[in-house]
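Q: Below: sequence and its predicted model.
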Amino acid sequence: MVPLKISEFKIFKFSLGLLRPLIIGRHHLAERTGFIIGLCSENDHVSFGEISPLPGLTMEDMSLVETQITSLRSSVLGCDLPDHLEALSGGFDNWPGGDDPTPSVRFGFETAILNLIAAARGLPLCKVISDSPRDSITVNGLLSGSPVDIIRKTTKLLGMGYAAFKLKVGRNSIQKDIEITRDVRRLIGDDVILRLDANRAWGIDDALVFAEAVADCKIDYIEEPVETLPLLKKLIDETGLSLPLALDESLLELTPEAFSSMSGIKAIVLKPTLLGLEKTMQFARAATAQGMTPVISSAFESSIGLTALAHLAACINTTDVPAGLDTLDWFKEDLLVDPLGIEAGRIRITELPDIPRVIRRDLLTEINY
């Protein structure tokens, strides 16, 4: 196959308003900002990647991110792509060299490169990454806010055909969290998947009280119930928590190799914007080898980033594991003419948008140096 040469590398800024404040730790966000990189090959194949670090989840400084993007452009413009990058088994660790980019820069760059390879081959991204991707993926509806808001959204999504939900807990009293968890389970019935996410809100005592109170609620798993990774390990080793556990924030403190010495973990929740695409695949493979379930999840990307996540989710599980991609209803507008669609709680991979055809260039500001 003739090598792909990068003939253009464009950088754009974007800012998308939110319908309601996005609260991440101490950060209250009224808009979602980031960068889009656009690549073009010598044969006029075009691709895009999204770089949008999320304040409160990442410590990435936007000026550093911009500097790293421009450095990448200088390194790869006019260069041939190395072979086998699509294997996601270390190729991006060795190319293009230079400074180690932040995770969000890695994700956007790796996504754009793989999309360029996909365009050149006339294939969807998932079929570049995997020989046997799933045709569709289930999405878990995201439930947060007041009890009234949670019940209203649960009812709405149930009516739309959703069969999996993730409920945010840990932002109210333990008793209120117990009550809303039980209320949601009663509303959705026993056959619908219910996951919980505490975002490291509790100490061990509170986590045990909560777990005991909802032990009969058929919880798929609870993400990060306690404040630190050492506390989580103590919770597993010394208490016998009655709920299945999932890792999320703790992945930023671990390597894929660490899974071989861990027990008591049912799932790992992978946010590629926080890890990079290649590292996400390394985590997913290591988790699967240890009997853990990898779950792809959003960090409130636009449809450009979410489309890449949907393709990735179609590749990492042989069975249908609900992905955490139900975040677009926070946005006033999107970077695509028609945002990524979820129908009856599912995303059909064959119907994912062809981004170069539907990207909204009016919402992008090109950076010229």
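A: Structure received. The shown structure was predicted, so the numbers you read here are calculated from the model rather than taken from an experiment. Numbering: from 1, shown residues only.
Q: what are the ranges of the strands in the protein?
A: 6-24, 27-41, 46-51, 136-138, 141-143, 164-168, 193-197, 222-223, 245-247, 265-270, 293-296, 346-348, 365-366 (DSSP state E).
Q: ok, so what distance separates the residue lying closest to E343 once chain neighbours are set aside from S136?
A: Distances taken as C-beta to C-beta, 6 or more residues apart in numbering place G161 nearest to E343, at 7.7 Å, with adjacent residues excluded. No exception for glycine: its C-beta is placed from N, CA and C like everyone else's. According to C-beta to C-beta, to the nearest Å, G161 stands 13 Å off from S136.
Q: hang on, the earlier thing: export the strands of the chain to CSV and append columns for distance to T319.
A: As requested, these are exported to CSV (distance: least, C-beta to C-beta, whole Å):
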stretch, distance to T319
strand 6-24, 31
strand 27-41, 32
strand 46-51, 28
strand 136-138, 10
strand 141-143, 20
strand 164-168, 13
strand 193-197, 13
strand 222-223, 20
strand 245-247, 17
strand 265-270, 13
strand 293-296, 9
strand 346-348, 14
strand 365-366, 42
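Q: Output those strands as CSV; include the columns mean neighbour count and distance to I236.
A: CSV is the format used below for the strands of the chain (neighbours: other C-beta atoms under 10 Å; distance: least, C-beta to C-beta, whole Å):
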stretch, mean neighbour count, distance to I236
strand 6-24, 16, 26
strand 27-41, 19, 30
strand 46-51, 25, 35
strand 136-138, 22, 28
strand 141-143, 23, 26
strand 164-168, 23, 21
strand 193-197, 23, 16
strand 222-223, 25, 12
strand 245-247, 23, 7
strand 265-270, 22, 8
strand 293-296, 24, 17
strand 346-348, 19, 33
strand 365-366, 12, 47
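Q: Throw these into CSV and include mean pLDDT and distance to L312, thanks.
A: CSV is the format used below for these (pLDDT from 0 to 100; distance: least, C-beta to C-beta, whole Å):
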stretch, mean pLDDT, distance to L312
strand 6-24, 95, 21
strand 27-41, 95, 18
strand 46-51, 98, 13
strand 136-138, 97, 10
strand 141-143, 97, 18
strand 164-168, 98, 18
strand 193-197, 98, 19
strand 222-223, 97, 19
strand 245-247, 97, 18
strand 265-270, 97, 9
strand 293-296, 98, 6
strand 346-348, 97, 12
strand 365-366, 98, 27
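Q: closest one to F107 among those strands?
A: strand 46-51 (7.0 Å; C-beta to C-beta).
Q: If you count contacts, what does that closest one end up packed against?
A: strand 27-41, helix 103-121, helix 303-316, helix 355-358 (3 or more C-beta pairs under 8 Å, 6 or more residues apart in numbering; DSSP states H and E).
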